[in-house]
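**Student:** Could you look at this predicted model? Sequence included:
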Amino acid sequence: MYWSASDGATTKAVVSTQSTGNLSNPDHTERGRRPSAFVMMKNFYDGYTNPETRSDTLKHGRALRPGEKRFADNEFYGTEKPGPATGTLGGDDIHTDGERNIGEGFLANMLDREFVTMNKLPPEVRKQLRVKFDNRPYFTTWVMFVNIVILIITLATQSIAPVGFTDKLVNRQLLRHNLAYETIGYNQTTNFWIGPDFQALIHLGAKYSPCMRKDKEYFEKIEEDIKHEDTTGCCIRKDLNACWQTEQSKCTSSFAEFKQDKVCGLGFDGCFNEAYSNRSLWDGPYSTWPYCPVEEEDKDDIKNLKNVPTEHLLCEVSARPCCVGLQGECIIISQEECEFRKGFFHENATLCSQVSCITDICGLSGFLFDDVPDQFYRALLPTFMHAGIIHLLITLVFQVTILRDMEKFAGWWRIGFIYFASGIGGTMLSAILIPYQPEVGASGALYGVLASLIVEVVVNWKIYKSPCLELSKLMLLVALLFLAGLLPWIDNFAHIGGFLFGFLTSFVVLPHVNFSEEDRIAKLVVQIACGVLSVVLFTLLFVVFYLAQGSTCEGCSYINCIPFTDSFCQDSTMELRPRIGD
């Protein structure tokens, strides 16, 4: 569409709700109301019964008013007169609640935006200026509904974590695997947003890089744990009522004996499966041993073995692998302690090398191949999830005001394209720079919508009285929101990525004004360039995420979180947390 502007008096932007009642009767005109269904049907009937206006009524829904002109099909532009005192652009007095002009809207009202006057423009320019955007907010309604439903399901299936900003130490006295009562404590993650803990959010689909790729650093830690496992042995109570796999330094009870190079409940002498009768299968590291645990009915045969140590095969295994924490670390503990730590207990395994903790932590559909995380759909899924009730309410307020307003202007497919491109771009940038910090929420997508407001000002520069001032207002608002992102429970990298892709894609798809033929060509070039750059950046993000693991960014963590205390930004780094240990 074409739209030119000239200097002159200014008008303030409002979302005009002025509407006309019975268009043939001024007494029915009332500001802020649409015509009733009865009035609209009567107008149609009056126009249809008049032979002179019947054709026009059938085509456009009503006949022209006296003194009114139509410049194109189904466009009513009012009489040639200056706009009313309310400041509607172009002097059109037939606005409806659903209409939204370029440059107008919720945020324009909040920022007291001003435009140059349009009533002195040539008719062919005013014809384009008076085009109104009346798109229904289908996308906004749908995405709000999905967000609410997903949070309801989340809260219904997961317990609410303690409210706070840092981990909370939880203690409890438990009967441990050594059959002694001890006070056990662990650091439970808290949630400022009033929702489930982050381990539950990872299990439901939060952004978490080890679930999306075979993370190099994560699996290096797993390999270290497996190598350490080969240095452990079986700690056996002398009455054989309990035994557990551990290091010799931790088998200190006077009632227990440590058996080096033995695995509790597992060994060649306790396996009666012919498939594993070759002793060479049991000569390597523990992680290469066949899984052939001692069966209860075989214990009598084991007792009859001569000159063979069998205590580790006959004892009652009281501790088994348990996957705990955000990183799915495997520790050998009792089932009661595992449940207390909110871990995943493997009652049929004896060694950590026999279980896949990353599969437990990630949940959802699992992986196509064991120990090869491939949940790439987490690039989009977190956009529909929220960390809690407060988080969702903030998103809904933004969606019902700014997102809905932009959809009325741009239409569902344009705003949907910007929304999802920004959401995916923000998630991928966050997954690269803070891979071990779980994140959910639509913040990347919403920052993309904010970027589209800035693009709307840039591409329609000449319609504003002070375009630099209008742009500065928006940039100040965005800057304040980025400052809020320095807090530890907010992902600023997702904001930056979403803003960048929202800026580029908005240039490509948003409706805009062409002030001349040269301006139209220049903007077409910019559209093509932004489209190509968006594709290149998307490709680069995925390549870096999957193929360039281990890349570092010195000082980038300070963009996302400022560490006022040692634990304030404990997950806002490119490194894993220290292992818990037993």
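**Tutor:** Perfect, thanks for sending it.
**Student:** For Leu481, which three-state class applies?
**Tutor:** Following DSSP: H, G, I helix; E, B strand; the rest coil, the label given to Leu481 is helix.
**Student:** scratch that, Ile184 is what I was asking about
**Tutor:** The three-state assignment at Ile184 reads strand, by three-state DSSP.
**Student:** list the contacts for it?
**Tutor:** By C-beta atoms under 8 Å, 6 or more residues apart in numbering, the contact set of Ile184 is 171-174, 176, 337, 340. Backbone N, C-alpha and C define where each C-beta goes, glycine included.
**Student:** Could you dump those residues into JSON lines and include secondary structure and distance to Gly47?
**Tutor:** Listed next are the contacts of Ile184 as JSON lines, based on DSSP: H, G, I helix; E, B strand; the rest coil; distance: C-beta to C-beta, whole Å:
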{"residue": "Asn171", "secondary structure": "strand", "distance to Gly47": "80"}
{"residue": "Arg172", "secondary structure": "strand", "distance to Gly47": "79"}
{"residue": "Gln173", "secondary structure": "strand", "distance to Gly47": "84"}
{"residue": "Leu174", "secondary structure": "strand", "distance to Gly47": "82"}
{"residue": "Arg176", "secondary structure": "coil", "distance to Gly47": "86"}
{"residue": "Glu337", "secondary structure": "helix", "distance to Gly47": "80"}
{"residue": "Phe340", "secondary structure": "helix", "distance to Gly47": "76"}
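**Student:** And those, which of them are buried?
**Tutor:** 174, 176, 337, 340 (16 or more other C-beta atoms under 10 Å).
**Student:** Need these in CSV (columns: pLDDT and distance to Met428).
**Tutor:** Supplementary listing: those in CSV, determined by pLDDT from 0 to 100; distance: C-beta to C-beta, whole Å:
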residue, pLDDT, distance to Met428
Leu174, 87, 42
Arg176, 84, 43
Glu337, 92, 38
Phe340, 93, 36
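**Student:** nearest to Phe420, of those residues?
**Tutor:** Looking at the buried ones among the contacts of Ile184 and their distance to Phe420, the nearest is Phe340, at 40.5 Å (C-beta to C-beta).
**Student:** beta partners for the closest residue to that closest one other than its chain neighbours?
**Tutor:** Of all residues beyond its chain neighbours, the one nearest Phe340 is Arg172 (5.7 Å), with distances taken as C-beta to C-beta, 6 or more residues apart in numbering. With DSSP bridges as the criterion, Arg172 is bridged to Ile184.
**Student:** just how off-centre is the longest helix along the chain within its chain?
**Tutor:** Across the chain, the longest stretch assigned as helix under DSSP state H is helix 517-547. Using C-alpha atoms, centre = their mean, to the nearest Å, the distance from the centre of helix 517-547 to the centre of the chain it belongs to is 23 Å.
**Student:** Show me what counts as buried in that helix.
**Tutor:** Going through helix 517-547 with 16+ other C-beta under 10 Å, the ones that come out buried are 519, 523, 527, 530, 534, 537-538, 541-542, 545.
**Student:** and if you look at stretch 135-144?
**Tutor:** In stretch 135-144, counting by 16+ other C-beta under 10 Å, buried: 135, 137, 139-140, 143-144.
**Student:** quick one: low-confidence parts of the stretch 1-150 of the chain?
**Tutor:** For the stretch 1-150 of the chain, the stretches flagged by pLDDT under 70 are 1-42, 44-45, 48, 54-99, 118-129, 132.
**Student:** before we move on, what about the chain?
**Tutor:** Judged by pLDDT under 70, the chain has its weakly predicted residues at 1-42, 44-45, 48, 54-99, 118-129, 132, 551-552, 565-568, 570-575, 577-582.
**Student:** Need the residue in it that's farthest from the chain's center.
**Tutor:** The centre of the chain is farthest from one residue, Lys306, which by C-alpha atoms, centre = their mean lies 61.9 Å away.
**Student:** Okay, that one and Leu174: tell me how far apart.
**Tutor:** Distance, Lys306 to Leu174, using C-beta to C-beta, to the nearest Å: 40 Å.
**Student:** Run through the strands of the stretch 51-200 of the chain in chain order.
**Tutor:** Using DSSP state E, counting those that start in this stretch, the strands of the stretch 51-200 of the chain run over residues 114-116, 168-175, 181-188.
**Student:** so can I have a markdown table of those showing distance to Ser287?
**Tutor:** As requested, these are arranged in a markdown table below (distance: least, C-beta to C-beta, whole Å):
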| stretch | distance to Ser287 |
| --- | --- |
| strand 114-116 | 71 |
| strand 168-175 | 29 |
| strand 181-188 | 26 |
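**Student:** Nearest approach to Phe503 belongs to which of the ones you listed?
**Tutor:** Across the strands of the stretch 51-200 of the chain, the minimum distance to Phe503, taken as C-beta to C-beta, is reached by strand 114-116, at 22.9 Å.
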